[in-house]
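Asks: Sequence and predicted model, in that order:
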2 protein chains.
Amino acid sequence: MKSVDAGLYDIVCVSPRNHMVFTPLLASTCVGTLEFRSVAEPVGRIQPAISTAPGSYFFLARCTAIDPDSHTVHCESVTDQGGVRDAVEPWKFTVSYDKLVIAAGAEASTFGINGVKEHAIFLREVHHAQEIRRRLLLNLMLSDVPGISEDEKKRLLHCVVIGGGPTGVEFSGELSDFIIKDVHERYSHVKDFIHVTLIEANEILSSFDVRLRQYATNQLTKSGVRLVRGVVKDVKPEKVILNDGTEVPYGLLVWSTGVGPSPFVKSLYFPKSPGERIGVDDWLRIPSVQDVFAIGDCSGFLESTGKPTLPALAQVAERQGKYLSNLLNQIGKAGGGYRNAAANLELGDPFVYRHLGSMATVGRYKALVDLRQNKDDKGLSLTGFVSWFIWRSAYLTRVISWRNRFYVAINWLTTFVFGRDISRI
Amino acid sequence: MKSVDAGLYDIVCVSPRNHMVFTPLLASTCVGTLEFRSVAEPVGRIQPAISTAPGSYFFLARCTAIDPDSHTVHCESVTDQGGVRDAVEPWKFTVSYDKLVIAAGAEASTFGINGVKEHAIFLREVHHAQEIRRRLLLNLMLSDVPGISEDEKKRLLHCVVIGGGPTGVEFSGELSDFIIKDVHERYSHVKDFIHVTLIEANEILSSFDVRLRQYATNQLTKSGVRLVRGVVKDVKPEKVILNDGTEVPYGLLVWSTGVGPSPFVKSLYFPKSPGERIGVDDWLRIPSVQDVFAIGDCSGFLESTGKPTLPALAQVAERQGKYLSNLLNQIGKAGGGYRNAAANLELGDPFVYRHLGSMATVGRYKALVDLRQNKDDKGLSLTGFVSWFIWRSAYLTRVISWRNRFYVAINWLTTFVFGRDISRI
């Protein structure tokens, strides 16, 4: 939306939330290293036309169905976020389009395991991070109140993370930083009771170079994170049960085992790519219909393109967004902006993804940077403080607005000087 | 708590929230001029001993009863704030004390009017300000969604404030600033539908100099705030009904008609001062018992002292807190720190309150400063930009921690440069 030319198109955004989350930094907000607002960009700041141009709008709504023949989208307004009292009843409406871009994202996978949605917290939205932070601070305070048993104290302060991908590892690293620095200084009565366990079925950071994986394992272990190889069978309100029968009591359970298609994406009658994503061609179009495109985690190349499904990463989505906005601007300039008007246009170069590398922090001013193009390639990989510095600098430049870039830098500075914020508001 | 000598006393704080709210700046957080965390000070930052000293603690709990004979306080833990899932059951416990300070504050008055608690939002805690901000942004977005009627749009965007004291006036001023600047720029489709109405039974800012009251009335009217003289009879989910039968539809209803005693204070069997507050003597002691003090909005001078009840202001509470911590330190040094050990000590000077003046902003870089000692005195009073500058500077110096002082300044700067934050998280 940022780069679509508002002079060529009226832009309408339909979304159940009015902001974009800068997910790579979300884990840092759970313990107060960063503030929630520093990682949230209001849609109106990304594309101001939606709030000022006469034909452009932001609709706080959920898309329920797409009718590509009549070029309309069916929506339902979202009226009750954040437990608003006296909420208005949601209502249905339709939006006509000339061009449609589906960028509906994916959903956290639970693998059908019972109790995950009820008791575990995902780490994909700002409200997840808020819930984790509230929960963590509540448990720290409750375990200091008289009348609580030693076992209950241990349970409340046991933080369990399921999934050893970058999100799970970065969150565990942030958590151990918080424990080593802030809990020891500011909750020193209970500092010996708090522990972090990271449970992963296979290897942690499986997409990274083997040397980096080994480094991450060492660093996390040094910081006091217990790494457990295991498969979760069942999630109860106060404990996780593994396949081998082990029971792991927890006070905080964070679930980050990757993503899968959302019910909305599943409900669409378009041809799918491997992994049940919306299938697109080399130009990110849905080939069976006119004027519909799909980008980001909800989409994947059709098998007929011969290209592999791209990983569900921010850098893929960002690159696709930039490519598609250029394509749409080019189509608009060539007079193909209206519905069914672009069928015979020459679209130019197809979308090609070039992986820039992967990064992950492991806490204590250490990070991993893997600059290989591909899992099986050879190439540069870095660890340690320099990597951590690259990690911070790289993400700071990717933050969308200057306002948030400024706030992220200020948050990092104040966390360094004053420690993390521990007010539970 | 800040100034009590942790070398003389073990300090235990029992409170249902782990932070102090800097209420004079709370109204600014409702529209994003300031961030919520900038006005919240964690108790552990105010008095670090509670989290590090072996005998000092913070208990996240509510006080349910006081037994002055056995020197114990009965408490119940608070386990479910912020709608935590799988919350632990609250449990009861007792705390023994040598000295007890009751600083339990007051509660928003509803005057027994039906529907206030259910439908109106108070403005006393951070979660109130969060609810107001979420509601305001939600209503702005919903009124832009297709399928909404003109009447419903007008209702959703009608912000009604009940009570013309400093809180109601400052909130109305902040709201009109937000409308004039941010709504016009960033919600320009609906800018002509949003309105603010301030309803007050008597005069606005009744404690201020008549010249200042007139100035405030003019400024608010100029900014588009509709001032209505009226008494609320009933509050329904979508409208307020006044005594004369007028119906006022609203989308956001903020209630700030002053404070009264909380159920906890009402339940205490101590002699009361006028206004049902806990009665104290010249040294802020509860005279009928040993070692119990009361300060802030929950306390008032007994009629026998011949002193008037002090207003429920932050500056009164702050001065009393400073006086009492000095008194306790002095008692402790004289060997009277243990229970029943201070009965025969000479306490020195009684507490004397000297009013430093009152301030209120009215929006658009304008404020009032009333430096009269008393309502009927003559003295200096100022209006306009200079007052606004004094208002900001004075509050900035009163913010407790350097961290938040820094953040308040940064928030003001970014609001000035980038506008207010409109992400609804």
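Replies: Ah, there it is. Numbers count the residues shown, from 1 in each chain, chains lettered A, B, ... in the order given.
Asks: Poorly predicted segments of chain A, please.
Replies: The model of chain A has no residue with pLDDT under 70.
Asks: Longest helix in it, by number of residues?
Replies: Assignment by DSSP state H gives helix A:314-333 as the longest helix of chain A.
Asks: tell me what the next helix or strand after it is packed against?
Replies: Per DSSP states H and E, the first helix or strand lying C-terminal to helix A:314-333 is strand A:358-363. Contacts defined by 3 or more Cβ pairs under 8 Å, 6 or more residues apart in numbering or on different chains; DSSP states H and E place strand A:358-363 against helix A:166-178, helix A:210-222, strand A:366-370, helix A:385-398. Where you see a C-beta, it was placed from the backbone N, CA and C, and this is true even at glycine.
Asks: CA atoms only for strand A:358-363 - export them in PDB, please.
Replies: What follows is strand A:358-363, C-alpha atoms only, in PDB (Å, rounded to 0.1, in the frame of the first residue of the first chain):
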ATOM      1  CA  SER A 358      18.700 -14.700   8.200                       C
ATOM      2  CA  MET A 359      19.300 -13.200  11.600                       C
ATOM      3  CA  ALA A 360      18.400 -14.100  15.200                       C
ATOM      4  CA  THR A 361      19.400 -12.800  18.600                       C
ATOM      5  CA  VAL A 362      20.200 -15.100  21.400                       C
ATOM      6  CA  GLY A 363      20.400 -12.500  24.200                       C
END
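Asks: For that strand, which strands pair with it and how are they oriented?
Replies: strand A:366-370 (antiparallel) (DSSP bridges).
Asks: Just give me the neighbour total for the residue of the stretch 201-350 of chain A found nearest chain B.
Replies: Closest approach between the stretch 201-350 of chain A and chain B, counting by Cβ to the nearest Cβ: residue A:237, at 4.6 Å. Number of residues near residue A:237 (other Cβ atoms under 10 Å in any protein chain shown) recorded here: 12.
Asks: Assess the claim that it and residue B:88 are in contact.
Replies: No: assessed by Cβ atoms under 8 Å, residue A:237 is found out of contact with residue B:88, at 10.2 Å.
Asks: elements contacting the helix or strand hosting residue A:233?
Replies: Of the helices and strands defined by DSSP H and E, residue A:233 is found in strand A:232-235. Judged by 3+ Cβ pairs under 8 Å, 6+ apart, the packing partners of strand A:232-235 are helix A:116-119, strand A:239-242.
Asks: Out of the ones you listed, which is the most enclosed?
Replies: Among those, strand A:239-242 has the highest mean neighbour count (mean count of other Cβ atoms under 10 Å in any protein chain shown), at a mean of 20.
Asks: before we move on, back to that, OK, contacts around the residue of the stretch 201-350 of chain A closest to chain B?
Replies: By Cβ atoms under 8 Å, 6 or more residues apart in numbering or on different chains, residue A:237 lies in contact with A:115, A:118, A:119, B:86.
Asks: okay, the residues you listed in JSON lines with distance to residue B:197 next?
Replies: Listed next are the contacts of residue A:237 as JSON lines, based on distance: Cβ to Cβ, whole Å:
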{"residue": "A:115", "distance to residue B:197": "48"}
{"residue": "A:118", "distance to residue B:197": "43"}
{"residue": "A:119", "distance to residue B:197": "45"}
{"residue": "B:86", "distance to residue B:197": "42"}
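Asks: of the residues you listed, closest to residue B:406?
Replies: Comparing the contacts of residue A:237 against residue B:406 with Cβ to Cβ places residue B:86 closest, at 36.7 Å.
Asks: Then the closest one would be within a strand, right?
Replies: No: assessed with DSSP: H, G, I helix; E, B strand; the rest coil, residue B:86 is coil; it does not lie in a strand.
Asks: Which residues of the stretch 151-300 of chain A lie near chain B?
Replies: A:152, A:156, A:185, A:186, A:187, A:188, A:189, A:237, A:238 (Cβ under 8 Å from any Cβ of the partner chain).
Asks: Now the two most distant members of those residues.
Replies: Most distant of these, by Cβ to Cβ, are A:185 and A:237, 31.3 Å apart.
Asks: Run through the residues that contact residue A:200.
Replies: Per Cβ under 8 Å, 6+ apart, neighbours of residue A:200: A:162, A:163, A:164, A:168, A:227, A:228, A:229, A:230.
Asks: separation between it and chain B?
Replies: 23 Å (Cβ to the nearest Cβ, to the nearest Å).
Asks: Brilliant, that's me finished.
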